[in-house]
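Novice: Any chance you could fold what I've pasted below:
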Amino acid sequence: MEDTPPELSSLLPPSNGNGIRVDYGSSADSLDGNRFHSIHNDASNRLHYSLSASLRKIQDSLTPFRASMPSSVRDMGGTSTMSNEMFNLTKNLVGAGALGMPSGVAALAGASRSRWAMLPAGAIVLVMGASFAYYFILIGRLCRMLDAASYGEAWQKSAGRKGGVWKAITLLVQLSVIGMAGLGSVAYSIIIPDATTSLLERAGIDIERNTCLLVVTIFVLLPLCMVKKLSVLAPFSAVGTAGILFTLVVMGWRCFDGSYDAEQGGRLAQSTQTKMHPLFETDEPVVPAMSDLFLLLCMCFQAFFSHYNAARFYTELERNTIERYSCVAKVAFGVSGALYFVMGAFGYYTFGAHADGNILNNYSAEDDLISICRFLFVVALAFTYPLPFIGARDGVLDLFSVSEEMQSSRNLDLLSVALLSVVTALAWRFPDLGLVNAVGGGALGTGVVFVFPSIMFYFAVSAETEASRRLRYETFFCSLLMVFGSAIGICGVIDVVRNS
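Specialist: Numbering: from 1, shown residues only. Below is the predicted model:
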């Protein structure tokens, strides 16, 4: 018979030498029922306390080991609150795409240049935002179904397991994720020096755009890109979101006060170039031509795109159930869609067909309120910059199957420097934000958002022997949505490239 724990031995009857405990007492001095239950409860409590103390010692002994583990998606998970994730995801979404939205509305109006163009534009933003939110949530569901910690790993555990052509497409999937996240960083690298140059001009400092790009990259963006976790950016994301809301209020004020209306003698219209003055030709409702739709649709691809970070948002969420993760996504995409619509409306109704790909470029350098907006937007984008950048960095780690042991802080910093150099070179060479958003969103966003998740979901559900009928119907719905998104993306890219 096994040895009795010390906590219990003093409470049990003595042994007879053969390992059998007997009670030599008479019925008069034997344990009655109440005393037996008291002894049993006392023994259970002592055993519970002993086990709890042992577990605490084990946890304490593991703490140094956990601290020495390399930073990766897997061992960072479960620490970010829902509010932090909402702020980070909203700020990830509302960035470069917001400033390009008025030019997308202008393109939608086409030759009519109608003031009614915001009605079909609002419908497009609503439909695209809902579609992108669905796929963002779907990627989190796939991570849970497949026990995956990244977009690339989810592909490898679903379609990649089938071998043949599906395994070969794995490289395309990983490159698409890297490219899409990287183009998000390129868009930020275009906006930040543009806005900073205007601010310095207002202060009487004349600096060339590309010089400003290098200075901001080295002294501001590079240190921010060294972060290893998204959760540390949440306070700055909240500040950035407040800055964007302030910009929205100022744009609305300028839209209604007529400061930029040259025909009405607006006080700030004379300090802007003629090509930036408001231009409308009709107040009649507009029925957009198919070719006029594509630029705005492609911009929506870029504006609502953060799917390269969907797996990271899911794994870092505290108590990351699908319900909590879905709530984060719905709130963030809903707020972002509303901001896009309102900012697009204010920018378009102020400048009409002359709305620039970066709407802040339309406003005068002598506009003090807009100068404050430029500053706040620069701060907001600077602290948002790591969000798409980390997505690109994670994609590179997936591409080269870098082990967790190799993901030391030093190695991640070196990779960050190399990637930031490539992004800066692209921003130097291609300064047109509208073109970058449209081509990048349409070409790469089609695959990352619509095609690849639909394929992964199909194989994940097919592997489930007891998959519900609802899931099987959902795979059919995903296939239809995939065809819809692919057609928009491909046609949009062809049209934008041809016109540019």
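Novice: correct me, but Thr170 touches Gly160?
Specialist: Yes: under the criterion of Cβ atoms under 8 Å, Thr170 makes contact with Gly160 at 5.0 Å. The way it works is simple: take the backbone N, C-alpha and C, and place the C-beta from them, glycine included.
Novice: more neighbours, those two?
Specialist: The neighbour comparison of Thr170 against Gly160 (other Cβ atoms under 10 Å) goes to Gly160, with 19 against 16.
Novice: now that one: how far from Asp398?
Specialist: Per Cβ to Cβ, to the nearest Å, Gly160 is found 12 Å from Asp398.
Novice: Next, the residues that contact stretch 252-270 from outside, please.
Specialist: Contacts to stretch 252-270, defined as Cβ atoms under 8 Å, 6 or more residues apart in numbering, come from residues 272, 277-278, 342, 346, 349-351, 362-364, 366-367, 369-370.
Novice: ok now it, how far from the chain's centre?
Specialist: 36 Å (Cα atoms, centre = their mean, to the nearest Å).
Novice: what about the helices in the stretch 401-500 of the chain?
Specialist: Using DSSP state H, counting those that start in this stretch, the helices of the stretch 401-500 of the chain run over 409-429, 433-445, 452-462, 469-499.
Novice: longest helix in this structure, by residue count?
Specialist: helix 164-202 (DSSP state H).
Novice: how much space between Leu444 and Ile359?
Specialist: Applying Cβ to Cβ to Leu444 and Ile359 gives a distance of 24 Å.
Novice: so what's Gly152 up against?
Specialist: Thr170, Val173, Gln174, Val177, Gly395, Asp398, Leu399.
Novice: what helix or strand does it sit in?
Specialist: Using DSSP states H and E, Gly152 maps to helix 151-157.
Novice: How far off centre is that helix?
Specialist: Remark: helix 151-157 is offset 18 Å from the chain centroid, using Cα atoms, centre = their mean.
Novice: now do stretch 242-262
Specialist: On Cα atoms, centre = their mean, the centre of stretch 242-262 falls 27 Å from that of its chain.
Novice: related to what we said a few turns ago, now a PyMOL select for only the buried ones of the contacts of stretch 252-270.
Specialist: Typed into PyMOL, the next command selects the buried ones out of the contacts of stretch 252-270 (criterion: 16 or more other Cβ atoms under 10 Å):
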select buried, resi 272+277+278+342+346+349+350+351+362+363+364+367+369+370
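Novice: Mind checking which of the contacts of stretch 252-270 are in helices?
Specialist: Using DSSP H, the contacts of stretch 252-270 in helices are Val342, Phe346, Tyr349, Thr350, Phe351, Leu369, Ile370.
Novice: how close does the third one sit to Val215?
Specialist: Between Tyr349 and Val215 the distance, using Cβ to Cβ, works out to 35 Å.
Novice: I figured Cys143 was touching Glu316, is that so?
Specialist: No: contact criterion Cβ under 8 Å: Cys143 and Glu316 do not qualify, at 11.4 Å.
Novice: More neighbours: which of those two?
Specialist: Taking other Cβ under 10 Å, Cys143 and Glu316 do not tie; Cys143 has more neighbours (26 against 21).
Novice: what about the more buried one, which helix or strand?
Specialist: Using DSSP H and E, Cys143 maps to helix 118-146.
Novice: And for Gly395?
Specialist: Under the criterion of DSSP H and E, Gly395 resides in helix 386-399.
Novice: between that helix and helix 164-202, how many degrees?
Specialist: Compare the direction of helix 386-399 with that of helix 164-202 by axes from the mean of the first three to the mean of the last three Cα atoms, to 10 degrees and you get 150 degrees.
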